[in-house]
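In: From the sequence below, what's the structure:
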Amino acid sequence: MTTPSFRDASGQDATGVQRTTTSLRAQKSRAEGPRLSVGFILARRFTLCAFANFVDVLRLAADEGDRSRPILCDWTVLSDTMDPVASSSGITVQPKERLGDPRRFDYIVVVGGLMDETPSLSQAYHRFLHQAAEANIPLIGICTGAFFLHQAGLLNGYRCCVSWFHHSDFLEQFEGLNPVADQIFVVDRDRLTCSGGASSAHLAAYLVDKHVGRAQASKSLHIMIIDDALQADKPQPGLPLDLKTQDPIVQRALLLMQQNIDTPISVQDIAQRMGNSKRQIERHFRLALNTSPQAAFLDMRLDFAKHLVEKTQKSVAQIAVDCGFCDSSHLSRMFRRRYGVTPQSFRQTTYTDVSNAPSN
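Out: Residues are numbered from 1 along each chain as shown. Next up, the predicted model:
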């Protein structure tokens, strides 16, 4: 079987690192059962899309065609109470088994949910996750699942991936950690985390590639109308941007800018966070976008300000704060230079155009 080329947070081959922390079950002869067995813990109000994408990659890789027999892979939803678990969309999932012995799985996956509506996992789940960690079974956090792993004390010393959308929440709640919000997933020894959504399919494909085979991983993604497996360091898409590029260094820099749009950071800070030099960042921006990082950051902030002026009733002073400008005068000056009108005039024109639009 060809192993993937993904690198973990320390720059080592993720597969080589994880081989030393393989679960007892993974050490058994594969003639005894599936090559890849995954146990799922679903937090209340979990993200259905992230869970379904992960499971469907396993399902499609497990059997010939689309027959869904758990031959090469199996998957089980675990519970401490066996009560149905409601997703954030309101659809419920019925667990299949109680927690039991975690060593029967190769991986334990925690699927997180809505930040404001999801309580901590129960002590039974915490004990189960600690038992898994002590048995050297890799733990996976999907979407906000990284929050739960950290609450259980199982991410100390690890890098972890969180969605760009929850980056600030993570920093507020978990001081001292260094969450990664500019990659779709992170493999750091025996902890794997991903930002959720479609990235969970790519993390699942990474596991299928490692344990079952690249052909099965590709087959799963192709049936799901996903062209190819993405590597771990593929940048998260973030907010929609007019600044389009396929350059991963520029994409990651733009994402860091988005995360700091209200408190602009310097190009030097961006370069340090990414592990690149300032000159490298500037060169990539010039080649990819024919502009400088500073100019791109200003364009991004002005675009966001324009959106807020047009779509909200916030004051120009508040919009200036939200977009990282010194004050309303600074915003108005830069806004006029870019769009030819002040924010106040633009808002009034937009309101007038909507008011005068013909009704059906």
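
In: Tell me where the stretch 201-350 of the chain is predicted with low confidence.
Out: By pLDDT under 70, the low-scoring segments of the stretch 201-350 of the chain are 228, 230-242.

In: and with 90 instead?
Out: Within the stretch 201-350 of the chain, the ranges that satisfy pLDDT under 90 run 225-265, 273-274, 300, 303-304, 307-308, 310-313, 322, 348-350.

In: Do a quick rundown of the helices in it.
Out: With DSSP state H, counting those that start in this stretch as the criterion, the stretch 201-350 of the chain has helices at 214-223, 248-259, 267-274, 278-289, 293-311, 316-322, 328-339, 343-355.

In: Please apply the same query to the stretch 51-200 of the chain.
Out: Per DSSP H, counting those that start in this stretch, the stretch 51-200 of the chain carries helices over the ranges 123-134, 145-151, 167-173, 199-211.

In: of all these, which lies closest to residue 272?
Out: Nearest to residue 272 among the helices of the stretch 51-200 of the chain is helix 167-173; the distance by Cβ to Cβ comes to 16.8 Å. Where C-beta positions appear, they are placed from N, C-alpha and C, glycine not excepted.

In: State the mean pLDDT of the closest one.
Out: Helix 167-173 shows a mean pLDDT of 58.

In: okay if I get the helices of the stretch 51-200 of the chain as TSV plus mean neighbour count and distance to residue 79?
Out: Converted to TSV, those look like this (neighbours: other Cβ atoms under 10 Å; distance: least, Cβ to Cβ, whole Å):
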stretch	mean neighbour count	distance to residue 79
helix 123-134	17	9
helix 145-151	25	15
helix 167-173	16	25
helix 199-211	27	20
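
In: Nearest to residue 34, out of the ones you listed?
Out: Taking Cβ to Cβ, helix 199-211 is the member of the helices of the stretch 51-200 of the chain nearest to residue 34, at 9.0 Å.

In: Tell me what angle the closest one forms with helix 214-223.
Out: Orientation of helix 199-211 against helix 214-223 (axes from the mean of the first three to the mean of the last three Cα atoms, to 10 degrees) gives an angle of 160 degrees.

In: Quick one: distance of helix 199-211 to the chain centre.
Out: Its chain's average C-alpha position is 14 Å from that of helix 199-211, according to Cα atoms, centre = their mean, to the nearest Å.

In: What would it look like as PDB? C-alpha coordinates only.
Out: Backbone C-alpha positions of helix 199-211 (Å, rounded to 0.1, in the frame of the first residue of the first chain) are rendered in PDB as follows:
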ATOM      1  CA  SER A 199     -12.600  18.900   5.300                       C
ATOM      2  CA  SER A 200     -13.800  15.900   7.400                       C
ATOM      3  CA  ALA A 201     -14.100  13.900   4.100                       C
ATOM      4  CA  HIS A 202     -10.500  14.700   3.300                       C
ATOM      5  CA  LEU A 203      -9.300  13.600   6.800                       C
ATOM      6  CA  ALA A 204     -11.300  10.400   6.500                       C
ATOM      7  CA  ALA A 205      -9.800   9.800   3.100                       C
ATOM      8  CA  TYR A 206      -6.300  10.300   4.700                       C
ATOM      9  CA  LEU A 207      -7.100   7.500   7.100                       C
ATOM     10  CA  VAL A 208      -8.500   5.200   4.400                       C
ATOM     11  CA  ASP A 209      -5.400   5.800   2.300                       C
ATOM     12  CA  LYS A 210      -3.200   4.900   5.300                       C
ATOM     13  CA  HIS A 211      -5.000   1.800   6.400                       C
END
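
In: How much space separates the closest residue to residue 325 other than its chain neighbours from residue 298?
Out: Closest residue to residue 325 apart from its sequence neighbours, by Cβ to Cβ, 6 or more residues apart in numbering: residue 331 at 4.1 Å. In this view, residue 331 and residue 298 are 11 Å apart by Cβ to Cβ, to the nearest Å.

In: Repeat that for residue 259.
Out: Relative to residue 298, residue 259 is positioned 16 Å away (Cβ to Cβ).

In: Domain-wise, how is the protein divided?
Out: Listed domain ranges for the chain are 14-223, 239-360 (source: automatic domain parsing).

In: Name the stretch among the ones you listed that sits most buried.
Out: Counting by mean count of other Cβ atoms under 10 Å, domain 14-223 has the highest mean neighbour count of these, with a mean of 20.

In: I figured the residue nearest to residue 325 was touching residue 320, is that so?
Out: Yes - counting by Cβ atoms under 8 Å, residue 331 does reach residue 320; the two are 4.0 Å apart.

In: Mutual contacts of those two, please.
Out: residue 305 (Cβ atoms under 8 Å, 6 or more residues apart in numbering).

In: and the residue nearest to residue 218 when sequence neighbours are not counted, how many neighbours?
Out: Spatial nearest neighbour of residue 218, chain neighbours left out: residue 229 (6.9 Å); criterion: Cβ to Cβ, 6+ apart. Other residues lying near residue 229 total 22 when counted by other Cβ atoms under 10 Å.

In: check contacts around residue 229.
Out: Per Cβ under 8 Å, 6+ apart, neighbours of residue 229: 4, 202, 205, 206, 209, 217, 218, 221.

In: follow-up on the earlier one: and the helices of the stretch 51-200 of the chain: which comes nearest residue 277?
Out: With Cβ to Cβ as the criterion, residue 277 lies closest to helix 167-173 of the helices of the stretch 51-200 of the chain, at 23.7 Å.
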